[in-house]
Structure formats: C-alpha cells, structure tokens
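Undergrad: Task: produce atomic coordinates for the following.
(2 chains)
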Amino acid sequence: MRDQELEDDIPSLRTSPYDVKSPVDPAYNCIAFAVGDLTQFWDDLGLPSGKRVRGYYWPDGALSADTLEGWMSVFEIHGYRETNDKSLEPEYEKIAMYANAEGPQHVARQKASGIWVSKLGKGVDVEHLLEGLEGDLYGKVVKIMKRKCQGGKRVLE
Amino acid sequence: MPIHKPRKRAGGLRSHRRRLPADRHSSPAGQTGRFSAMRISMNIQGPVFVSEQPPVPTSSLIGGVPPIQSHVRKSVSLRDTFREHADLWRKETRHWSSVTKMTIHPSYRRIMGMGPAVLPLLLQELRERPDHWFVALNAITGDDPTPPSGTFHEAVDAWILWGIQHGYL
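TA: Now for the predicted structure:
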C-alpha cells in the first residue's frame, strides 16, 4: 500500500518499491532499529552523558551523534566494520548509512533476503531498496558496514 | 573584521510590515479604496493580529472608504499559534532521526519561546500525540522528571504525571 506522506518527503519512493512494515512510532529511530532496539530513541542531543535531557540513549564511548564518525562508532561497538560491498553476503549482516552535507541522516540494515529495512525517523519501518531512500531528505548512501554472523546465525533478521 | 552594529529602532518597536504590490505600483483608477484597505489591514505592529476579512470589494465602498466592520481584527490566541507551529513541526520532522535537528526547527523554537504560558497546551499535546517535546519542557520548566535511562514512553509518562502534579493537566 502506498504511503502519501512518505512519498511526499521521499519522492524517490514514487518509483522505487517499498513496503511499510509497522505503524508510526516516535519511540525509536533508525539507529536504534538497525541495532535491534525498538524501545529507545538513540541520540546524544549534542551533549555528554549526564547533561542530556532524559528519555534518550546513546552508547557510552560512542562519538558525537552529529557526525558520521559518531554513527560508525555506534556500529563498531556492535561489531560492525567498514566495507565497500553492499551486496548480499549470507555470512554477514550489513548496514548502510545515508548522509548529506549536514551529516548522517539515516541508516538501514540488510535482511537475510537481501532486501533493506529501516525506520524512517519518527515514522514507520519500511522495506526498501537502498537507492529508494536517496534524495534531499537523507542524502546518499555513503558508508557500508558489516559484521560476521555469530555461529552462522544472524543477530537480527 | 567588520563589526555588526544593531540598528536602533524608533520607539522601541519594529514594523513587520512587508512591501505590498500596492507599494510598488500606483493604484488603478477606482481601486484606491481597495488598496487602502489592504494597506491598513497589513500595517500592524507584530505578527499576532490578522484581518478577519478579505479586502472589501470596490463596489461596496462608499466614497472610497470601507465600512468599519471590515477592519475587525482579532488577536490570534496562544492556542492557535501553538497549534499552527506544533502541526508544522510534526509534519516537517516526521522522518527525522536527530533530536538536535528537531529542536532547532523554527516552530519548535517558537513554541519554546512561548514560555510557561504554553505548558498546558504542550503537556496536553504530549498526552494526546506523544512526540519529542522533552527538550522544550525541560527548557521551559528547568525540570526533568524522567528517570535516569528512561525510555521515550517513560519520559512521556513522567512528564504527564509532572503536569498533573503541577496543575497543568
């Protein structure tokens, strides 16, 4: 089913297949979703731990949430390493980060089927092609990271 | 390095009046009154007043003077202003993942700038449409009732309880 609000904000979805997988939920964002946490909104609000308004989570030791390095550091904590290969490799889980001139904007993770899935801000979870979310809102895919499946099993489906 | 000097404002007030088409072009014959009405309705200090009615048709003018009733204006209430900015903010940030970015959105800043008077509206909004109002609530009240390591939903619940306890809800 087509989502008009989604296509208004991300016009490339008008010509790229996608599938909405959840209701709107402002409780978690794309980074949280990519590491499998549907209960918290991951952001440091540009402040160190202890000085932030409560209700948000950012891992100890991770760099600033305003930077691509900061986002990468979150996934490094979760075992991901940088790669150039966005294709499906069955023994790896992969994530893809989108960024524009303002910095990192979005992250998606690859499912076992090869399709990508992500949480769109405060909105819905969506299965999509990587290029389907590229545009003014999220910029382009600028970084791919992967981690080896543990014991041959994916941590996230 | 050039130093920016703030302009002095006569009388301490600043006109928000924008140039209208009628300012740039001479009024067509027979439409003087109509353009005058537009000028009057827009030449108001500050953004909190609006004209309730569109410019009066030329045919209804008597001697080029519009009836007084056409200039009834009302103050846009805090509620209306809040509603306008809350709706705009929600629409324009619905697919954003950065709270920092959400909270520097002009409408969010405008709502924060409304101060304590907006708390009943803000807390009611949080209760009816949970969203990322924690930064604004914290900025206005100086309080943070959310437990350490609280989740989004725990923060919503904590602020609603705070609102009840402080008589805002």
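
Undergrad: show me where the chain has helices.
TA: Answering for chain A, as no chain was given. For chain A, the helices defined by DSSP state H occupy A:4-9, A:30-34, A:68-77.

Undergrad: You answered for a different chain; I wanted chain B.
TA: Along chain B, the segments classed as helices by DSSP H run B:21-24, B:32-42, B:78-93, B:99-103, B:106-113, B:119-128, B:134-141, B:152-165.

Undergrad: Looking at the ones you listed, which is nearest to chain A?
TA: helix B:152-165 (3.0 Å; Cβ to the nearest Cβ). Yep, even glycine has a C-beta here, placed from its N, CA and C like the rest.

Undergrad: how long is stretch A:52-72 from one end to the other?
TA: The straight-line separation of the ends of stretch A:52-72 (Cα to Cα, to the nearest Å) is 21 Å.

Undergrad: gap between A:Asp125 and B:Glu92?
TA: Remark: distance between A:Asp125 and B:Glu92 (Cβ to Cβ, to the nearest Å) = 21 Å.

Undergrad: Can I get the helices of chain B in TSV including mean neighbour count, distance to A:Lys111 and mean pLDDT?
TA: As requested, those are exported to TSV (neighbours: other Cβ atoms under 10 Å in any protein chain shown; distance: least, Cβ to Cβ, whole Å; pLDDT from 0 to 100):
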stretch	mean neighbour count	distance to A:Lys111	mean pLDDT
helix B:21-24	11	56	38
helix B:32-42	18	56	37
helix B:78-93	16	27	97
helix B:99-103	21	27	96
helix B:106-113	17	34	98
helix B:119-128	18	34	98
helix B:134-141	21	32	98
helix B:152-165	19	25	98
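
Undergrad: Make TSV out of those and add distance to chain A.
TA: What follows is these, written out as TSV (distance: least, Cβ to the nearest Cβ, whole Å):
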stretch	distance to chain A
helix B:21-24	31
helix B:32-42	31
helix B:78-93	7
helix B:99-103	4
helix B:106-113	12
helix B:119-128	11
helix B:134-141	5
helix B:152-165	3
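
Undergrad: Of the ones you listed, give the one that comes closest to A:Ile144.
TA: Set against A:Ile144 and scored by Cβ to Cβ, the helices of chain B come closest in helix B:99-103, at 23.6 Å.

Undergrad: packing partners for that closest one?
TA: Counting contacts by 3 or more Cβ pairs under 8 Å, 6 or more residues apart in numbering or on different chains; DSSP states H and E, helix B:99-103 is packed against helix B:78-93, helix B:134-141.

Undergrad: how much does the first one deviate in direction from helix B:134-141?
TA: To tie it back to what came earlier, the one meant is helix B:78-93. Here the directions of helix B:78-93 and helix B:134-141 differ by 150 degrees (axes from the mean of the first three to the mean of the last three Cα atoms, to 10 degrees).

Undergrad: Mind listing residues that contact helix B:78-93?
TA: With Cβ atoms under 8 Å, 6 or more residues apart in numbering or on different chains as the test, helix B:78-93 has contacts from A:121-122, B:48, B:101-102, B:105, B:107-108, B:110-111, B:114, B:117-118, B:121-122, B:125, B:129, B:131.

Undergrad: circling back: out of the helices of chain B, which comes closest to A:Tyr98?
TA: Nearest of the helices of chain B to A:Tyr98, taken as Cβ to Cβ: helix B:99-103 at 14.0 Å.

Undergrad: Strands along chain A, start to end?
TA: A:18-20, A:81-83, A:92-100, A:103-110, A:116-119, A:125-128, A:140-148 (DSSP state E).

Undergrad: okay, those strands in CSV with distance to B:Ala139 and mean pLDDT next?
TA: Output for these, formatted as CSV (distance: least, Cβ to Cβ, whole Å; pLDDT from 0 to 100):
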stretch, distance to B:Ala139, mean pLDDT
strand A:18-20, 34, 97
strand A:81-83, 38, 98
strand A:92-100, 27, 97
strand A:103-110, 23, 97
strand A:116-119, 27, 98
strand A:125-128, 31, 98
strand A:140-148, 33, 97
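
Undergrad: Among those, which comes closest to chain B?
TA: strand A:103-110 (6.3 Å).

Undergrad: quick one: that closest one to chain centroid distance?
TA: Relative to its parent chain, strand A:103-110 has a centroid offset of 4 Å by Cα atoms, centre = their mean, to the nearest Å.

Undergrad: near chain B at all, that strand?
TA: Yes. Using Cβ under 8 Å from any Cβ of the partner chain, strand A:103-110 reaches chain B at A:105-106.

Undergrad: can I have that strand written out in PDB, keeping just the CAs?
TA: Extracted C-alpha coordinates of strand A:103-110, given in PDB (Å, rounded to 0.1, in the frame of the first residue of the first chain):
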ATOM      1  CA  GLY A 103      25.900  14.900   8.200                       C
ATOM      2  CA  PRO A 104      24.500  11.500   8.800                       C
ATOM      3  CA  GLN A 105      20.700  11.300   8.300                       C
ATOM      4  CA  HIS A 106      19.700   7.700   8.100                       C
ATOM      5  CA  VAL A 107      20.800   4.100   8.400                       C
ATOM      6  CA  ALA A 108      19.200   0.900   7.000                       C
ATOM      7  CA  ARG A 109      20.100  -2.800   7.600                       C
ATOM      8  CA  GLN A 110      20.100  -5.700   5.200                       C
END
